[in-house]
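Asks: what would the 3D arrangement of this be:
(chains A, B, C and D)
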There are 2 protein chains.
Amino acid sequence: MKFSTKGRYGLRAMVDLAVHSQGEQVSLYSISERQGISMNYLEQVFAMLKKAGLVKSIKGAQGGYILSANPADIKIGSILRVLEGTLSVIDERGEVTSGNQTSVRYCIQVNVWDRMNAALNEFVDSLTLEDLADNYRKINGIGETMYYI
Amino acid sequence: MKFSTKGRYGLRAMVDLAVHSQGEQVSLYSISERQGISMNYLEQVFAMLKKAGLVKSIKGAQGGYILSANPADIKIGSILRVLEGTLSVIDERGEVTSGNQTSVRYCIQVNVWDRMNAALNEFVDSLTLEDLADNYRKINGIGETMYYI
DNA sequence: ATAAAACATAGCGGAATAGTTGGGATAAGG
DNA sequence: CCTTATCCCAACTATTCCGCTATGTTTTAT
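Replies: Residues are numbered from 1 along each chain as shown, chains lettered A, B, ... in the order given. The predicted structure is shown next:
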């Protein structure tokens, strides 16, 4: 019932990126320093994020990563699903749907697991990277326009 | 992000017990047969449920388990918390609350994890064993009064 | 050329999962 | 009484997953 470090670190890194990239790429090293996350491990996380198209990379010296889209268009759910797989409180599903629908198992699937999954996914899809970045800036007293002065 | 077999099997077993116990104890063997779950493994699950006071046991031949309370008074959340531990999408909590509240980490804790945890727990605490047992009986065309004829 | 970065992949130690095994203790029924 | 059904308890094991670390290779700005 827990998210792994992939999802937790990855989400932190994405918020960090949203906050610190002013339209420019940000090096993994700087994210790893600010967030206290191992560089090597972050590389693995970003390989997944890149493959999924959530970030773009710029190679070579002074390279780094940058968000592929506007933070307002990146759902937290998209990030978590890339790093954690389908967000579901249980693995199996096929068995029970194709099986008999009169079992206790099916009853629980429909009334408990399916509804929990729906609640989880609706929530994480209702939040965007911008929501989190804005909240972070608010707490830290950083006005959004400050970057453009 | 998944429930383990403890929680899944345990919940099924509890619904089975609610459905098949007409105020009488039910043997683990019969539950294990109906649900297709290893008897020995179920014993471990019921040891936890008993320790938590959700079921009572009757020893000896013709013994078995029986719910400690009315199904309407047993929340699904209580069962799952006994078998899975605190229902939370991440382990840590102390660190980040005692730490600096200006971190990205704290921002995510408050806006994502805490709210997910709240949603999950509210849901499982809004459902009772009776809800599931009733739904099961409805699907299987078994009127509740049938047992008293 | 050099250094800074992304990119790729392999391996590894520890913990958790999902059981199995093997034996008790207890009580009902014959 | 004695057998049998049942709960009870503890330890053992096989497998998988997690959370990294390590070691490179490739690309590019300076």
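Asks: drop to CA atoms for contacts and neighbour counts, all remaining ones
Replies: Fine.
Asks: just the CA coordinates for the one helix or strand A:Asp134 maps to, please, in PDB.
Replies: Counting by DSSP states H and E, the element that carries A:Asp134 is helix A:129-139. Once side chains and other backbone atoms are set aside, the C-alpha atoms of helix A:129-139 remain, and they are given as PDB (Å, rounded to 0.1, in the frame of the first residue of the first chain):
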ATOM      1  CA  LEU A 129       2.300  20.200 -11.300                       C
ATOM      2  CA  GLU A 130       1.300  23.900 -11.400                       C
ATOM      3  CA  ASP A 131      -0.900  23.500  -8.300                       C
ATOM      4  CA  LEU A 132       2.100  22.100  -6.400                       C
ATOM      5  CA  ALA A 133       4.600  24.600  -7.700                       C
ATOM      6  CA  ASP A 134       2.200  27.500  -6.900                       C
ATOM      7  CA  ASN A 135       1.700  26.200  -3.400                       C
ATOM      8  CA  TYR A 136       5.400  25.800  -2.900                       C
ATOM      9  CA  ARG A 137       6.000  29.400  -4.000                       C
ATOM     10  CA  LYS A 138       3.300  30.700  -1.900                       C
ATOM     11  CA  ILE A 139       4.700  29.000   1.200                       C
END
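Asks: got the buried residues for it?
Replies: For helix A:129-139, burial by neighbour count (16 or more other Cα atoms under 10 Å in any protein chain shown) applies to A:Leu129, A:Glu130, A:Asp131, A:Leu132, A:Ala133, A:Asp134, A:Asn135, A:Tyr136, A:Arg137.
Asks: then stretch A:114-123?
Replies: A:Asp114, A:Arg115, A:Met116, A:Asn117, A:Leu120, A:Asn121, A:Phe123.
Asks: burial count for A:Pro71?
Replies: Counted with other Cα atoms under 10 Å in any protein chain shown, the neighbours of A:Pro71 add up to 21.
Asks: who's in contact with it?
Replies: A:Ala18, A:Thr128, A:Leu129, A:Glu130 (Cα atoms under 8 Å, 6 or more residues apart in numbering or on different chains).
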